[in-house]
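1. Mind folding the following:
(one chain, ligands or ions: 1)
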Amino acid sequence: MATAKDIEDKSVRKIKTPETLRGMKDILPDEQIYWEYFRDSAKKIAEAYSFGRIDMPLLEDVKLFERHLGKQTDVVEKEMYVFEDKGGDKITLRPEATASVARAYINHGMLNLPQPVKLWYQGPMYRYDRPQSGRYRQFHQYGLEVIGGPDPVVDAQLILIATKLFDDIGVKVKVEINSIGTATTRQEYKIELVAYARKHRKQLCEDCTRRLARNPLRLLDCKQTECRTIMKDAPQIIDWLDEDSKKHFMGLIEYLDEISIPYVLNPHLVRGLDYYNKTVFEVVPDRGDDAELGSQSALAAGGRYDGLVEQLGGREETAACGFAVGIERAILEMKQQNVEPPALPRPDIFFAQIGAEARRSALRYFEEVRAQGFHVVEAFGKASLKGQLEAANKTGARFTVILGQQEVQDDTIIVRDMDSGAQETIPMEQMIEYLNKEMKRK
Ligand code: HAM
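-> Numbers count the residues shown, from 1 in each chain. Below is the predicted model of the structure:
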């Protein structure tokens, strides 16, 4: 017997329950309806366009990202979770998946397959960034990658798939596109851009002053109003493109026009990772012309990365293009635009029981009903019929079957139609046949 003193001690001894780490979230059952809706739509569209699913490890050799995402990008410089494993190897939780897909393409000799190779993935990514709405340290991406296809038709079809996916989940979006040319032309452009920004150095925000020296292209997508005003008149990367990139970009635009995909040319669109060349694009919410979108507005982003496979040791000039959707952001936007995912189907039957003996039999009959293919639910943890009927109402089950002491003795069961409230007692051996018949009638 616990004494008053014990009880007092228990209430005083407060144990601090660990919380999830900052920037990481549990996805609770109520939320899953959105996740499932997104994942179902995403899987369907990937399969409809003949992408094969690939799953890569969450842990990778740090070199995979350090060398190829760009040493001076935010992701590599500040955001990777890097640590040594017990064998002394330097490893990282993947901050993104494109480099892993390119690695897998080479590792598994996929260049011997008919080209292009089309792969899709989904799963968690990790970036040690400052968490805020739409930005987390563990977040999930759904991505499509096409490796071995140099024609802009690939870029156009990927943009089409991205818009179709958002259309399927009922989210209105806009696509912004740009071309950032090659590493060489970008270098020339950066000199012009820095010269321009230096003239306005005093008005630039702290981040941009730092970017001036380290990563000048990012000056273009600063979200601070004053920086944006200055950058409006900055030289545009599109004027620095080489002939091949220009031709590619014109090709992309023609394809998009051909398939009537609306797009916005955004000369300030640059991406946060260094492997991109030629096409870059982002998908942002379309909430009407005047709506101010926050800094975490991109629902999906991608582009061409023709040099990555070669840099990782694959065949020279392997062209590639892809994009990834931030699933948390897509779901936030579904809620913002009041998209209701389709409700889960109503269960067929709720199984109620009264008394210890009935509960024992109910456990067994429940399995019998389930084995017949019915969607059956229960609340065996509840003893009172009232509590169980309340639970049955909440689930929206079409029928409730009730097994009490009397029914166990008589080998019968009560079947209650939850819509009409009518109920009938039937012999236990006829239960399945009766339910089948009633279910068909509904
Ligand atoms: P990214 O722009 O870094 O590109 O990420 C793609 C999308 O992931 C973003 O548009 C955003 O929706 C989501 N995302 C990124 N960081 C976070 C975060 N901290 N919290 C929540 N969501 C986030 C890539 O990762 C490239 N691998 C995309 C790609 C695929 N390019 C070619 N193929």
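
2. Now do residue 440: how many residues are near it, please.
-> Using other CB atoms under 10 Å, residue 440 has 7 neighbouring residues. All C-beta spots, glycine's among them, are computed from the backbone N, C-alpha and C.

3. which residues sit against the host helix or strand of it?
-> Assigned by DSSP states H and E, residue 440 belongs to helix 431-441. Helix 431-441 is contacted by residues 348-349, 365, 368-369, 372, 374, 398-399, 401, 413, 415, 417, 426 when judged by CB atoms under 8 Å, 6 or more residues apart in numbering.

4. how does it look with 7 Å?
-> Residues outside helix 431-441 that contact it (CB atoms under 7 Å, 6 or more residues apart in numbering) are 348, 349, 372, 374, 399, 413, 415, 426.

5. So which of those residues are in strands?
-> Judged by DSSP state E, the contacts of helix 431-441 include 349, 399, 413, 415, 426 as members of strands.

6. Please list all residues in contact with the third one.
-> Right, residue 413. Per CB under 7 Å, 6+ apart, neighbours of residue 413: 401, 403, 407, 426, 428, 431.

7. Of those residues, which is the most crowded?
-> Tallying neighbours with other CB under 10 Å puts residue 401 at the head of the contacts of residue 413, with 27 neighbours.

8. Is it correct that it is in contact with residue 347?
-> No: contact criterion CB atoms under 7 Å: residue 401 and residue 347 do not qualify, at 11.9 Å.

9. ok, which residues in the chain are in contact with the ligand?
-> 96-98, 127, 129, 134-136, 139, 141, 143, 145, 272, 298-303, 305, 322-324, 326, 328-329 (CB under 6 Å from any ligand atom).

10. how near is residue 212 to residue 195?
-> 10 Å (CB to CB, to the nearest Å).

11. of all of this structure, which residue lies closest to the ligand?
-> In the chain, no residue comes nearer to the ligand than residue 326, which is 2.3 Å away by CB to the nearest ligand atom.

12. That residue: neighbour count?
-> Quick note: residue 326 (other CB under 10 Å) scores 23 neighbours.

13. what are the bridge partners for it, then?
-> The partner list for residue 326 in beta bridges (DSSP bridges) reads residue 141.

14. so what's it up against?
-> 139, 141, 299, 300.

15. ok, now residue 86?
-> Residues near residue 86 by CB under 7 Å, 6+ apart: none.

16. How confident is the prediction for it, by pLDDT?
-> At residue 86, the pLDDT value in this model is 96.

17. Check residue 225 too.
-> Looking at residue 225, its pLDDT is 88.

18. How much space separates it from residue 134?
-> 20 Å.

19. of those two, who's got more company?
-> The neighbour comparison of residue 225 against residue 134 (other CB under 10 Å) goes to residue 134, with 17 against 9.

20. Help me confirm that that one comes into contact with residue 330.
-> No: Residue 134 lies out of contact with residue 330 (CB under 7 Å); the separation is 10.3 Å.

21. Who has more neighbours out of residue 212 and residue 195?
-> residue 212 (17 against 10).

22. tell me which element the more buried one is part of?
-> Going by DSSP H and E, residue 212 is part of helix 206-214.

23. What's the mean pLDDT across that helix?
-> Mean pLDDT, computed over helix 206-214, is 87.

24. ok, residues contacting stretch 225-233?
-> Looking at stretch 225-233 with CB under 7 Å, 6+ apart, the contacting residues turn out to be 200, 203, 204, 205, 208, 219, 220, 222, 268.

25. try 6 Å
-> In this structure, residues lying in contact with stretch 225-233 by CB atoms under 6 Å, 6 or more residues apart in numbering are 200, 203, 204, 205, 208, 220.

26. now swap in stretch 236-251 and tell me
-> Stretch 236-251 is touched from outside by 152, 179, 180, 181, 182, 185, 188, 189, 267, 278, with contacts defined as CB under 6 Å, 6+ apart.

27. Would you mind measuring the gap between the ends of that stretch?
-> 20 Å (CA to CA, to the nearest Å).

28. what do you get for stretch 188-207?
-> Stretch 188-207: ends 22 Å apart by CA to CA.

29. Tell me the buried residues in that stretch?
-> The neighbour-count check on stretch 188-207 (16 or more other CB atoms under 10 Å) flags 189, 190, 192, 193, 196, 197, 200, 204, 207 as buried.

30. likewise stretch 382-401?
-> Judged by neighbour count (16+ other CB under 10 Å), stretch 382-401 contains these buried residues: 388, 389, 391, 392, 395, 397, 398, 399, 400, 401.
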